[in-house]
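Colleague: structure, please.
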Amino acid sequence: MKQKISISVFHYTDFRRYLTDFYENEKKANPSFSYRAFAQRAGINSSGLYMDVASGRRPLNTGQILKFAKALGLNRKEEEYFENAVHFGQASGLEEKKRFFERMMKSLSPNSKKIDTAHYEYFSKWYYVVVREMLSVLDFKDDYAALAQSLSPRISIEEAKKAVNLLLRLGFIRKNAKGYYKPVEPSLTTGPDVKSMGIANFQKNMMELAIEALDRFAAKDRDISTVTMSIPRALIPELKNEITAFRKKLVAMTAKNAGEDCVCQLNIQFFPLSSLKEKKL
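Modeller: Take a look at the predicted model:
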């Protein structure tokens, strides 16, 4: 029998990936280990449930979660984390995902390795992203009051400190030779669930700021326009491609003048206002 490598549930935000790695690890250590053996250990009738859940074909209900946790050999703290990870992975709405993800983070001990969380943390507050961009414009050392006042809407001094500390911890900024904090290219890799949740949360915050911008800025300093149109459903992919091309063109234009004197946000919102039903022939 081969030496079994320890696999910690705390190293995963994707519970299905954890189940896959757990099974492979058990199988390497003990070739006789099987889905049937796990089912017997868990007190579950279906030997195919494990494979179906790990592959995403079937969900786990509350009773099955507890049986899986027992068969996985999890202690109480690990079981709590695993249960929230399952609910997080099976949740459909953004708010529901956020609730269970935050419960997962609370279950982690200070010594536990937090992986796959950088995207969520970075996008959890709109001003984290803006502060990082602002530091390419502003020569900032430690004047947090000036940094806080440079944003619109303004943030508090405490929020400015929190943003800088987070960006430093994630490796998104560092001090240059002159002592100024400046952005560096981040290395952001994360699981798809955390990534999509973080970005969706950020986009939601930015849409709310766009609404406020109607009153906060004069028309000459903003462009918020709308158009409602009737189109064939088959045209949607082509329109999305045009939006993508437009966005890339603007990014290329601004890249030549990055870090000049202003930080702006571009929101492009395109979505159906009617149900997308298949057209009957």
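
Colleague: walk me through the domains of the protein.
Modeller: Domain segmentation of the chain under automatic domain parsing yields 9-112, 116-281.

Colleague: for these, which one ends up most surrounded?
Modeller: domain 9-112 (a mean of 16; mean count of other CB atoms under 10 Å). In this view, the C-beta of every residue, glycine as well, is placed from N, C-alpha and C.

Colleague: so how far does stretch 129-139 reach from one end to the other?
Modeller: 17 Å (CA to CA, to the nearest Å).

Colleague: hmm, I was thinking of stretch 68-76
Modeller: Across stretch 68-76, first to last residue, CA to CA, it's 13 Å.

Colleague: quick one on the thing from earlier: need the domains of the chain in a markdown table with mean pLDDT, can you?
Modeller: Formatted as a markdown table, the domains of the chain follow (pLDDT from 0 to 100):
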| stretch | mean pLDDT |
| --- | --- |
| domain 9-112 | 89 |
| domain 116-281 | 83 |
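
Colleague: mind checking how far the closest residue to Leu138 other than its chain neighbours is from Glu158?
Modeller: Using CB to CB, 6 or more residues apart in numbering and skipping the chain neighbours, the partner closest in space to Leu138 is Ser150 (5.8 Å). Using CB to CB, to the nearest Å, we find Ser150 at a distance of 16 Å from Glu158.

Colleague: one more: Asp14?
Modeller: Distance of Asp14 to Glu158, given as CB to CB: 33 Å.

Colleague: with Asn25 instead?
Modeller: 44 Å.

Colleague: just Gln149 next, same as before
Modeller: Distance from Gln149 to Glu158, by CB to CB: 13 Å.

Colleague: do His87 as well
Modeller: 32 Å.

Colleague: same deal with Tyr180?
Modeller: 21 Å.

Colleague: also Ile7?
Modeller: Ile7 is 39 Å from Glu158, by CB to CB.

Colleague: same thing with Tyr18?
Modeller: Taking CB to CB, one finds Tyr18 at 36 Å from Glu158.

Colleague: what's downstream of the helix ranked longest in the chain, the next helix or strand?
Modeller: What stands out as the longest helix in the chain, according to DSSP state H, is helix 192-216. Later in the chain than helix 192-216, the nearest helix or strand by DSSP states H and E is helix 236-255.
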